[in-house]
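J.: Got a predicted structure here, sequence first:
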Amino acid sequence: MVDLFGDDAPGGANGASAPDPDAPLADRLRPQTLADVIGQEHLTGPEGAIGRMVAAGRLSSMILWGPPGTGKTSIARLLADAVGMRYVAISAVFSGVADLKKAFAEAEKMASAGRKTLLFVDEIHRFNRAQQDGFLPFVERGVVTLVGATTENPSFALNAALLSRAQVLVLNRLDEAALDALLAKAEGLEGPLPLTAEARAALIAQADGDGRFVLGQAETLYAAGLAEPLDPQALGSFLQRRVAVYDKDRDGHYNLISALHKAVRGSDPQAALYYLARMLTAGEEPLFLARRLVRMAVEDIGLADPHALPQCMAAMEAYRFLGSPEGELALAQACLYLATAPKSNAVYMAQKSAWKSAKDTGSLMPPMNIVNPATGLMESLGYGKGYTYDHDTPEGFSGDDYWPEEMEPQTFYTPAERGFEREVKKRLDYWDKLRTERG
């Protein structure tokens, strides 16, 4: 089951009464035990990491990573209750070095009296690297059991040293069933929501996996005292639609651009267009997407369809000319062209191999016959001697050896049997045949 909510709430072993009847709905619905938490059973259940720790009566430091409104704060509070630890919560948004020193000093004093402290740090990724390092000695000595909460990928947001001392636990975005269960709890407290069944489903969809948000919207509906249930259209007019979670320099950005690239590579135009739309409607910079489409054209299609790159360059210019929203249609066209084009990474692989070979072989001299004799001295030394001008041959192909004498001929580019590269392969095979015939 799920809790969600971000501020400290009184309760359980850490000293508190039940929420005030006039408190916000989200506070009144805070779970009282880990078993009441909705949507995170993979962690809180008997076989989950948290469930096992509680059963053993021993907590290790952990980082709770998940979207907003999925229960990070309440899980931390309930963990302290479950094992009888002192609970201290700070927010990296509002706290500084002085607050941390005070928390650690108090924890050391309590530890000497035999009372262990669970230190919950909300938005832990907002502490800088030096501040994160400040946790290490207290975690290592067991002065505190650290429970950090973050919406950002810990791999990028947290120090490696801190990550090595804490278990990362991933909280799921709340699915429809979890959000529905949360609304059912609200209805058990406040009565039926003034919504049709279709509008209720629309409210759940708009929540985008955020339990805190859906309860806030439910409270708004209850407070309005509506005489008749709202249908989806009326609900949309009445409530502000939730904006999708998307930080252009954070995890959501990288997840979606990765999904777009892989959908194009996998020749799924429908999914590719969906992820393009997700990013554009969330406010992504269109020219960033145009640049990525250009990259896809050369990395995943290349010479299998030589028109792919011009399509993407034209789409970029069209967007620059038209702007939004009209120019976004050009990006959609380029996206669909790439997704439906034949795929080949032969150019991409050839480039990587050639670059590696160039670094490995250093400054080898090309064969003398293909070096231009720019001066009389160079000509007397044999520069350009024996060069065959390809256009003077019947096939327009001399078959000369163009590789440095100290280096065997290499094969970097191997065209795929797809799209236009099938024709390219025929040419290469033909030239290889002529080379063989001429020794």
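T.: It's in.
J.: Relative to residue 137, how far out is residue 131?
T.: 13 Å (Cβ to Cβ, to the nearest Å). C-beta coordinates here come from the backbone N, C-alpha and C atoms, glycine included.
J.: what's the answer for residue 46, then?
T.: In terms of Cβ to Cβ, residue 46 sits 34 Å off from residue 137.
J.: Likewise for residue 437?
T.: With Cβ to Cβ as the criterion, residue 437 and residue 137 are 75 Å apart.
J.: What of residue 355?
T.: Applying Cβ to Cβ to residue 355 and residue 137 gives a distance of 45 Å.
J.: ditto for residue 68
T.: 31 Å.
J.: so residue 87 is in which element?
T.: Assigned by DSSP states H and E, residue 87 falls within strand 86-91.
J.: List the strands paired with that strand, with their directions.
T.: Here strand 86-91 is paired, per DSSP bridges, with strand 117-122 (parallel).
J.: which element follows the partner strand toward the C-terminus?
T.: Criterion used, DSSP H and E; the element after strand 117-122 is helix 129-133.
J.: packing partners for that following helix?
T.: helix 160-163 (3 or more Cβ pairs under 8 Å, 6 or more residues apart in numbering; DSSP states H and E).
J.: Find me whatever residue is spatially closest to residue 149, sequence neighbours aside.
T.: residue 72 (3.9 Å; Cβ to Cβ, 6 or more residues apart in numbering).
J.: so who does the one you found touch?
T.: 6, 64, 66, 122, 149, 171 (Cβ atoms under 8 Å, 6 or more residues apart in numbering).
J.: What is the lowest-pLDDT residue among those?
T.: The lowest pLDDT within the contacts of residue 72 belongs to residue 6, with 37.
J.: and the residue nearest the centre of the chain, what helix or strand is that in?
T.: Taking Cα atoms, centre = their mean, the centroid of the chain lies closest to residue 255, which sits 2.7 Å from it. Assigned by DSSP H and E, residue 255 belongs to helix 251-265.
J.: List the buried residues in the very next helix or strand once past that helix.
T.: Sequence-wise, the next helix or strand downstream of helix 251-265 (DSSP H and E) is helix 269-281. Across helix 269-281, burial judged by 16 or more other Cβ atoms under 10 Å covers 269, 271, 272, 273, 275, 276, 278, 279, 280.
J.: Let's have those residues in a markdown table, adding pLDDT.
T.: Formatted as a markdown table, the buried residues of helix 269-281 follow (pLDDT from 0 to 100):
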| residue | pLDDT |
| --- | --- |
| 269 | 95 |
| 271 | 95 |
| 272 | 96 |
| 273 | 96 |
| 275 | 95 |
| 276 | 96 |
| 278 | 91 |
| 279 | 91 |
| 280 | 91 |
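J.: which stretches of the stretch 251-400 of the chain form helices?
T.: 251-265, 269-281, 286-296, 308-322, 328-340, 346-361, 376-380 (DSSP state H, counting those that start in this stretch).
J.: Show me the one of these that comes nearest residue 112.
T.: For residue 112, the closest of these is helix 251-265, at 40.2 Å, according to Cβ to Cβ.
J.: Which elements pack onto the closest one?
T.: Checking 3+ Cβ pairs under 8 Å, 6+ apart, helix 251-265 ends up next to helix 269-281, helix 286-296, helix 328-340.
J.: CA atoms only for it, dumped as CSV, please.
T.: Below are the C-alpha coordinates for helix 251-265, written out as CSV (Å, rounded to 0.1, in the frame of the first residue of the first chain):
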residue,chain,number,x,y,z
ASP,A,251,16.6,12.1,-15.2
GLY,A,252,13.2,12.5,-17.0
HIS,A,253,15.0,14.2,-19.8
TYR,A,254,17.5,11.4,-20.3
ASN,A,255,15.0,8.6,-19.9
LEU,A,256,12.7,10.0,-22.6
ILE,A,257,15.4,10.9,-25.1
SER,A,258,16.8,7.4,-24.7
ALA,A,259,13.3,5.9,-25.2
LEU,A,260,12.8,8.1,-28.4
HIS,A,261,16.2,7.0,-29.8
LYS,A,262,15.5,3.3,-29.1
ALA,A,263,12.0,3.5,-30.6
VAL,A,264,13.4,5.0,-33.8
ARG,A,265,16.1,2.4,-33.9
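J.: average pLDDT across it?
T.: 87.
J.: Let me know the angle separating that helix from helix 328-340.
T.: 50 degrees (axes from the mean of the first three to the mean of the last three Cα atoms, to 10 degrees).
J.: Could you export the helices and strands packed on helix 251-265 as JSON lines, including distance to residue 307?
T.: Putting the helices and strands packed on helix 251-265 into JSON lines (distance: least, Cβ to Cβ, whole Å) gives the following:
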{"stretch": "helix 269-281", "distance to residue 307": "16"}
{"stretch": "helix 286-296", "distance to residue 307": "13"}
{"stretch": "helix 328-340", "distance to residue 307": "8"}
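J.: quick one: pLDDT of residue 142?
T.: Taking residue 142 on its own, its pLDDT is 88.
J.: from here on, count from 47
T.: OK, 47 is where the count begins now, so the last one is residue 188.
J.: one step back: which positions within the helix holding residue 301 qualify as buried?
T.: Here helix 297-311 shows 297, 298, 299, 302, 303, 305, 306, 307, 309, 310, 311 as buried, counting by 16+ other Cβ under 10 Å.
J.: Can you tell me which of those residues comes closest to residue 99?
T.: Nearest member of the buried residues of helix 297-311 to residue 99, counting by Cβ to Cβ, is residue 297, at 26.1 Å.
J.: which ones are touching the closest residue to residue 452 other than its chain neighbours?
T.: Distances taken as Cβ to Cβ, 6+ apart put residue 410 closest to residue 452, at 5.6 Å, once the chain neighbours are dropped. For residue 410, the contact set (Cβ under 8 Å, 6+ apart) comprises 450, 452, 453.
J.: cool, residue 129 as well?
T.: So residue 129 contacts 99, 100, 103, 104, 105 (Cβ under 8 Å, 6+ apart).
J.: Look at residue 114 and residue 183 and report which has more neighbours.
T.: residue 114 (16 against 10; other Cβ atoms under 10 Å).
J.: how about the more buried one, secondary structure?
T.: Following DSSP: H, G, I helix; E, B strand; the rest coil, residue 114 is assigned to coil.
J.: Against residue 366, how distant is the closest residue to it other than its chain neighbours?
T.: Spatial nearest neighbour of residue 114, excluding adjacent residues (Cβ to Cβ, 6+ apart): residue 256 at 5.4 Å. Counting by Cβ to Cβ, the separation of residue 256 from residue 366 is 36 Å.
J.: higher neighbour count, these two?
T.: Between residue 256 and residue 366, counted using other Cβ under 10 Å, residue 256 has the larger neighbour count: 21 against 13.
J.: Pretty sure residue 126 sits against residue 164.
T.: Yes: Residue 126 is in contact with residue 164 according to Cβ atoms under 8 Å; the separation is 4.2 Å.
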